[in-house]
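K.L.:
for reference, the sequence and a predicted model appear below.
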Amino acid sequence: MRNAKTPRVRIVAMQLGSADTSENFTYPKDLSSFSLGQILERATADVLFLGDPRVQIQAGPALFERMKRALADGAGLVYSDSEGHPRIDYQRGSIRDNFDFGPVLGISVPAARKVWEGGDYRWAGLYDLRLRLSEAFPVVHISEPLYNSSVVDSRSSGEKQFDYVDPKNRDYQIEMEQAATAHLRRIGAWLPPDFRRVPAADERFPVEASVIIPVRNREKTVLEAVQSALRQATTFSFNVIVVDNHSTDRTTEILRGVSDPRLVHRIPTRHDLGIGGCWNDAIASEDCGRYAVQLDSDDLYASDSSLSRMVEELKRGPYAMVIGSYTMVNFKLEMIPPGLIDHREWTPDNGRNNALRINGLGAPRAFDTAIAREIGFPNVSYGEDYAVGLRISREYQIGRVYDSLYLCRRWEGNSDSALPIETANRYDFYKDGLRTDEILARQRR
């Protein structure tokens, strides 16, 4: 006899795609509100297994039973690991639209019908549905490889991470922003465009601006980065603070060979600093200027006016933070896809809310030093800038420069050029945690 607590499984008639998989999967023709609404309307059972029609899925012996059990226990949505591909737990801050659920989702039909309100999304129908489900029901991750699947995207992590800012995807991104903003409104985490005024500096600074370059073992690129900073043409005084995080290659030797007095070469006393800790070391030093402007040790400013543009924009607001635009290039400085990344999805009215949906805010980044000192950077080497940007956006307006000011070089030495899945998962889980903390803080306002 069927256990009364076990939801019924039905094969929904909308079988689309040619993948050879279990007949228990339903393949939506797209992720629009219309298609999802039709599937929910036609379902006559309690459980829906959505499969990605682009992927060959081989269900393991426990897939359906394990997912059915989680849904019977109250989950609104359930997903699992697949063979060779562990996934991370869903949390309140996992609202980015590129969260990796994998190509198999189990959905409670009664729960989905309870939260579903239709809509007119062309691409964001499923995204909207899972956000609504997460507001009322648990989203459960089964930490078991319950199926095998073909590779969805064989590109390296360093290539995939820029999809969300590809200009070709702009209409898609606007729609995702609309769904995310509606979610933040429903959970009380949306912020109106009301900002604190940036206070005037109450201390004296040795220079107007400092270019901050944290570095460890970048003998191949650090000299070009420093020279790029020192070549900046400005009407104000500036220096370049390089925090040499105990390099073991020729980085330290190269830096000591630069004779320009504007270069401040710092070696921290501590040996446990990540990139964020190096930033704290730089902005807390007596050498730091009124404004602190980022340059990574393997990147370059696009022209000799980049620093001036950033500082001028900081003053114009005045803003607590300004973010410029950058161009993706290879090591020969040849432009590579997606080219210019200008984050035009940012708007003065909604940027601080949309920042919770996307996985990064752009570059170069510049800060009011007093505010950056007050907030501080987390002592990590991934997402430290995003953490500070989220925190600043909660109170202050962030300015933008949409011209390319920065050349972001992609090469095999980049720390995020080809991450192992376990490392990528750890980074994504950390950023989701940042968003969780920020959402909770905004709900308390």
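P.N.:
Good, I have the coordinates. Residues are numbered from 1 along each chain as shown.
K.L.:
can we go C-alpha only for contacts and neighbour counts from here?
P.N.:
OK.
K.L.:
low pLDDT regions in the stretch 301-445 of the chain?
P.N.:
Low-confidence regions of the stretch 301-445 of the chain, defined here as pLDDT under 70, cover residues 413-417.
K.L.:
show me the helices in it, by range?
P.N.:
Counting by DSSP state H, counting those that start in this stretch, the stretch 301-445 of the chain has helices at residues 306-316, 351-354, 369-375, 384-395, 421-444.
K.L.:
among the ones you listed, which is nearest residue 49?
P.N.:
helix 421-444 (24.2 Å; CA to CA).
K.L.:
and the contacts of the closest one?
P.N.:
For helix 421-444, contacts defined as CA atoms under 8 Å, 6 or more residues apart in numbering pick out 85-89, 91-95, 157, 187-191, 356, 359, 382-383, 387, 390-391, 394.
K.L.:
roughly how far does residue 131 sit from residue 199?
P.N.:
Residue 131 sits 37 Å away from residue 199, going by CA to CA, to the nearest Å.
K.L.:
over to residue 46?
P.N.:
Using CA to CA, residue 46 is found at 56 Å from residue 199.
K.L.:
before we move on, the earlier item: who has more neighbours out of residue 131 and residue 199?
P.N.:
Taking neighbours as other CA atoms under 10 Å, residue 131 and residue 199 compare with residue 131 leading, 22 against 12.
K.L.:
surely residue 58 is in a strand?
P.N.:
Yes: applying DSSP: H, G, I helix; E, B strand; the rest coil, one finds residue 58 inside a strand.
K.L.:
now it: closest residue in space that isn't a chain neighbour?
P.N.:
residue 148 (5.1 Å; CA to CA, 6 or more residues apart in numbering).
K.L.:
residues near the one you found, how many?
P.N.:
Residues near residue 148, counting by other CA under 10 Å: 18.
K.L.:
now do the contacts for it.
P.N.:
57-60, 82-83.
K.L.:
also residue 280?
P.N.:
Applying CA under 8 Å, 6+ apart to residue 280 gives the contacts 373, 376-377.
K.L.:
average pLDDT for the host helix or strand of it?
P.N.:
Secondary structure from DSSP states H and E places residue 280 in helix 275-284. Mean pLDDT, helix 275-284: 98.
K.L.:
residue 379 is in contact with residue 275, correct?
P.N.:
Yes: using CA atoms under 8 Å, residue 275 makes contact with residue 379 at a distance of 6.7 Å.
K.L.:
can you list phi and psi of residue 223 for me?
P.N.:
When read as degrees, to the nearest 10, the backbone of residue 223 gives phi -60, psi -40.
K.L.:
need the strands for the stretch 151-300 of the chain, in chain order.
P.N.:
209-215, 238-244, 263-266, 291-294, 300-301 (DSSP state E, counting those that start in this stretch).
K.L.:
got JSON lines for those, with distance to residue 309 too?
P.N.:
Formatted as JSON lines, these follow (distance: least, CA to CA, whole Å):
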{"stretch": "strand 209-215", "distance to residue 309": "12"}
{"stretch": "strand 238-244", "distance to residue 309": "14"}
{"stretch": "strand 263-266", "distance to residue 309": "21"}
{"stretch": "strand 291-294", "distance to residue 309": "11"}
{"stretch": "strand 300-301", "distance to residue 309": "11"}
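K.L.:
who's in contact with residue 94?
P.N.:
Going by CA under 8 Å, 6+ apart, residue 94 touches 432-433, 435-436.
K.L.:
gap between it and residue 377?
P.N.:
In terms of CA to CA, residue 94 sits 21 Å off from residue 377.
K.L.:
return the residues in contact with residue 238.
P.N.:
207-211, 262, 289 are the contacts of residue 238 under CA under 8 Å, 6+ apart.
K.L.:
what sits closest to it if chain neighbours are left out?
P.N.:
residue 209 (4.7 Å).
K.L.:
need the contact list for that neighbour.
P.N.:
Contact analysis of residue 209 by CA under 8 Å, 6+ apart lists 236-239, 288-293, 311.
K.L.:
neighbours around residue 285, how many?
P.N.:
Counted with other CA under 10 Å, residue 285 comes out at 12.
K.L.:
and for the one 10 residues further on?
P.N.:
For residue 295, the number of neighbouring residues by other CA under 10 Å comes to 26.
K.L.:
just to revisit the earlier point, doesn't the residue nearest to residue 58 lie inside a strand?
P.N.:
Yes: counting by three-state DSSP, residue 148 is found in a strand.
K.L.:
I figured residue 297 was touching residue 218, is that so?
P.N.:
Yes: taking contacts as CA under 8 Å, residue 297 lies within contact range of residue 218: 6.8 Å.
K.L.:
got a list of what the closest residue to residue 242 other than its chain neighbours touches?
P.N.:
Nearest residue to residue 242, sequence neighbours excluded (CA to CA, 6+ apart): residue 213, at 4.7 Å. Residues near residue 213 by CA under 8 Å, 6+ apart: 240-243, 294-297.
K.L.:
give me the pLDDT value at residue 5.
P.N.:
Per-residue confidence for residue 5 comes out at a pLDDT of 41.
K.L.:
what pairs with the longest strand anywhere in the chain, parallel or antiparallel?
P.N.:
Taking DSSP state E as the criterion, the chain has its longest strand at strand 398-409. Strand 398-409 pairs in its sheet with strand 300-301 (antiparallel), strand 321-329 (parallel), by DSSP bridges.
K.L.:
who's in contact with that strand?
P.N.:
So strand 398-409 is contacted by 298-303, 306, 309-310, 313-314, 317, 319-331, 333, 340-344, 348, 363-364, 392 (CA under 8 Å, 6+ apart).
K.L.:
for it, buried residues please.
P.N.:
Applying a neighbour-count criterion of 16 or more other CA atoms under 10 Å, one finds 398-401, 403-409 buried in strand 398-409.
K.L.:
and stretch 32-48, by the same measure?
P.N.:
Buried residues in stretch 32-48, counting neighbours by 16+ other CA under 10 Å, are found at 32-37, 39-40, 43, 45-48.
K.L.:
let me know the closest of the residues you listed to residue 266.
P.N.:
Closest to residue 266, out of all of these and judged by CA to CA, is residue 32, at 53.2 Å.
K.L.:
in contact with that closest one, which residues?
P.N.:
Neighbour list for residue 32: 120-126 [criterion: CA under 8 Å, 6+ apart].
K.L.:
what sits against the residue most central in space within the chain?
P.N.:
Note on the chain: the residue nearest the mean C-alpha position is residue 359, at 1.0 Å, using CA atoms, centre = their mean. By CA under 8 Å, 6+ apart, the residues touching residue 359 are 96, 386, 431.
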